[in-house]
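> Here is the input, now give the coordinates:
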Amino acid sequence: MTVIELLKDLGVFTILIAALGWLAREIGKHLLNKNIKIHELELNQQLVKFKSELELIAQKQNKLHDKRLDVIHEFYGLLSDFYINLDNLTRWKNVTGKSDEDIEKDKLDDAKRTYESGHKFSIFYEKNKLYFSTDTCLKIEGINKILRECQYDLTIQYQWMNISVDMQMTQFEKARKKIRTKVPELKLELESNFRKIIGVE
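The predicted structure is shown next:
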């Protein structure tokens, strides 16, 4: 075997090894690139799915917040009506030119108005309390309890016949004190809670 033959044999072998090495690298690169592209496609699909889910959650949260704003708006209006009607019952009315019968009719009408506004307030709360936190519900129930007690005290003469004037005055003063002191404190707490919800602090 001559040197030329040997070089030829070695060259072909070397070329074959180099070619196999190059081919293995290229196949590896191709497979790696293919895996990266597949992985990239999967990640993009997951990202699109997560974005869609986040958008859906955001839409639900926005709808819930809008509904809560509507509920708070209507609820606070009903609470205010009930409170104003009760407060109106505690005001001395200086009436001139009216008969005793007309004055009593006006008082009864005021008492009926208070009952109706209290009833609307309570019904609305029961139907919508899921929109309020537990803490807010406790505040609402606390203020409702006091308002109902005041309503009873201010209208006791319409609920029980032959109540003495002294008892009427005692109940009246008790209710008047709560409406002028305790109820405004509770309303302020509730208003503060509502302001946090609607974001106007």
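> Tell me which helix or strand K145 sits in.
Applying DSSP states H and E as the criterion places K145 in helix 134-154.
> Return that helix as CSV; C-alpha atoms alone will do.
What follows is helix 134-154, C-alpha atoms only, in CSV (Å, rounded to 0.1, in the frame of the first residue of the first chain):
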residue,chain,number,x,y,z
THR,A,134,-70.4,40.7,56.1
ASP,A,135,-69.2,43.8,57.9
THR,A,136,-71.4,46.1,55.8
CYS,A,137,-74.4,43.8,56.4
LEU,A,138,-73.8,44.0,60.2
LYS,A,139,-73.8,47.8,60.0
ILE,A,140,-77.0,47.8,57.9
GLU,A,141,-78.8,45.4,60.2
GLY,A,142,-77.7,47.5,63.2
ILE,A,143,-79.1,50.7,61.8
ASN,A,144,-82.3,48.9,60.6
LYS,A,145,-82.9,47.6,64.1
ILE,A,146,-82.6,51.0,65.6
LEU,A,147,-84.8,52.6,62.9
ARG,A,148,-87.4,49.9,63.4
GLU,A,149,-87.4,50.5,67.2
CYS,A,150,-87.8,54.2,66.6
GLN,A,151,-90.6,53.6,64.2
TYR,A,152,-92.4,51.5,66.9
ASP,A,153,-91.8,54.1,69.6
LEU,A,154,-93.1,56.9,67.4
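> residues in contact with that helix?
With CB atoms under 8 Å, 6 or more residues apart in numbering as the test, helix 134-154 has contacts from 79, 82-83, 86, 89-90, 111, 114-115, 118, 121-122, 125, 129, 132, 159, 171-172, 174-175, 178-179, 182-183, 186-187, 189-190, 193-194, 197. In this view, the C-beta of every residue, glycine as well, is placed from N, C-alpha and C.
> Give me the nearest residue to L190, chain neighbours excluded.
Spatially, and ignoring its direct neighbours in sequence, L190 is nearest to K139 (5.0 Å; CB to CB, 6 or more residues apart in numbering).
> separation between the one you found and D166?
Using CB to CB, to the nearest Å, we find K139 at a distance of 34 Å from D166.
> G28 now?
For G28, the distance to D166 - CB to CB - is 103 Å.
> same deal with D135?
40 Å.
> What is the burial count for L147?
Per other CB atoms under 10 Å, the neighbour tally for L147 reads 26.
> Kindly give the local confidence score, pLDDT, for it.
L147 is assigned a predicted lDDT (pLDDT) of 92.
> ditto for F50
76.
> May I ask which helix or strand encompasses it?
With DSSP H and E as the test, F50 turns up in helix 3-89.
> Quick check: which helices or strands does that helix pack against?
helix 100-128, helix 134-154, helix 183-198 (3 or more CB pairs under 8 Å, 6 or more residues apart in numbering; DSSP states H and E).
> Relative to the whole chain's centre, how far out is that helix?
Here the centre of helix 3-89 is set off from its chain's centre by 31 Å, with CA atoms, centre = their mean, to the nearest Å.
> Same check on stretch 126-141?
So, by CA atoms, centre = their mean, the centroid of stretch 126-141 is 10 Å from its chain's centroid.
> again with stretch 185-197
14 Å.
> What residues sit buried inside it?
L186, K187, L190, N193, F194, I197 (16 or more other CB atoms under 10 Å).
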